[in-house]
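Asker: Pasting a predicted model and its sequence here:
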Amino acid sequence: MFTPEMIRWLSENACGKMYNELTSAFNGRFGTKLSIRQIQQKCVRNGIKTGTQHSGLGHKGHMAIGTEKITGGLSYVKSSMLGGGRGWRRRHLVEWEAENGPLPKAHCVVFADGDKGNFAPENLLLVHRRELSLMNRFKMWKRNPEVTKTNLFIIRHRLAILDRVKGLVKTKRAEALEDKVRRLVSAKEEGRKNGGRNGG
């Protein structure tokens, strides 16, 4: 799949690039459709270092900002000099926020195709934790990203219906309570009127 020319190009152009940038440039140069994971694996096997995957130390022995590491199958990026592991962030969150802004509350970002090395914008999906729970429960994550996106649409549609039904139930209960209060007030007013007439 990789020719000597391709490997030479990677070694000459990898420095300073994130893997998504390197993959895009590689596919543009050679007219291929390789995934980020394929480019990443080829670089690792050939000892090709990117500017975000070095192990050099920064000031006072700390890992330099921008350093990338892989732990538990997930890529992490050094984003600050805070100690105790607080300076590291999951790379897919960093990539998503770079395109879309701060992550909304109660949401997370997942990989549409299940490939934790594919940081292409279209592969990073923003999902609410309610949606994530149901997608996991019914095993609706698939290798085909289009199937996953369709399943996510179905889950969102069902949750919207559920929320609508709950809203209607609450509305009906509120209306019933208001009606009960109106009847009680009317009964008290009627009692005062009757009491006033009887007392006269």
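Answerer: Structure's in. What do you need?

Asker: Every contact and neighbour count from this point should use C-alpha atoms.
Answerer: OK.

Asker: in what helix or strand does Thr50 lie?
Answerer: Assigned by DSSP states H and E, Thr50 belongs to neither a helix nor a strand.

Asker: The nearest residue to Ile48 once chain neighbours are set aside: how many residues sit nearby?
Answerer: Excluding the flanking residues, the one nearest Ile48 by CA to CA, 6 or more residues apart in numbering is Ser11, at 5.6 Å. Residues lying near Ser11 (other CA atoms under 10 Å) number 16.

Asker: Now do Ser11 against Gly117, distance only.
Answerer: Using CA to CA, to the nearest Å, we find Ser11 at a distance of 19 Å from Gly117.

Asker: can you give me the strands in the chain?
Answerer: For the chain, the strands defined by DSSP state E cover 68-71, 74-78, 88-90, 107-111, 124-128.

Asker: Only the C-alpha atoms, please, for the fourth one, written as PDB.
Answerer: Which is strand 107-111. Provided in PDB are the C-alpha atoms of strand 107-111 (Å, rounded to 0.1, in the frame of the first residue of the first chain):
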ATOM      1  CA  HIS A 107     -22.400  16.200  26.500                       C
ATOM      2  CA  CYS A 108     -19.500  14.100  25.200                       C
ATOM      3  CA  VAL A 109     -17.800  13.500  21.900                       C
ATOM      4  CA  VAL A 110     -17.600  10.000  20.400                       C
ATOM      5  CA  PHE A 111     -16.100   8.400  17.300                       C
END
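
Asker: What about Asn13, how many residues nearby?
Answerer: Counted with other CA under 10 Å, Asn13 comes out at 16.

Asker: list the contacts for it?
Answerer: Leu22 (CA atoms under 8 Å, 6 or more residues apart in numbering).

Asker: please redo it, this time with the cut-off set to 7 Å
Answerer: Neighbour list for Asn13: empty [criterion: CA atoms under 7 Å, 6 or more residues apart in numbering].

Asker: mind checking how far it is from Leu134?
Answerer: For Asn13, the distance to Leu134 equals 42 Å [CA to CA].

Asker: Domain map for this protein?
Answerer: Following automatic domain parsing, the chain resolves into domains at 1-50, 54-99, 104-200.

Asker: what's the least confident stretch among these?
Answerer: Note on these: lowest mean pLDDT is at domain 54-99, with a mean of 71.

Asker: Find the nearest non-adjacent residue to Trp141, please.
Answerer: Spatially, and ignoring its direct neighbours in sequence, Trp141 is nearest to Thr148 (5.4 Å; CA to CA, 6+ apart).

Asker: quick one: the longest helix that the chain contains to strand 124-128, angle?
Answerer: In the chain, taking DSSP state H as the definition, the longest helix is helix 145-199. Relative orientation of helix 145-199 and strand 124-128, computed by axes from the mean of the first three to the mean of the last three CA atoms, to 10 degrees: 20 degrees.

Asker: Just want the angle from helix 145-199 to strand 107-111.
Answerer: Using the same axes, to 10 degrees: helix 145-199 against strand 107-111 is 160 degrees.

Asker: quick one: helix 145-199 to chain centroid distance?
Answerer: How far helix 145-199 lies from its chain's middle: 34 Å, per CA atoms, centre = their mean, to the nearest Å.
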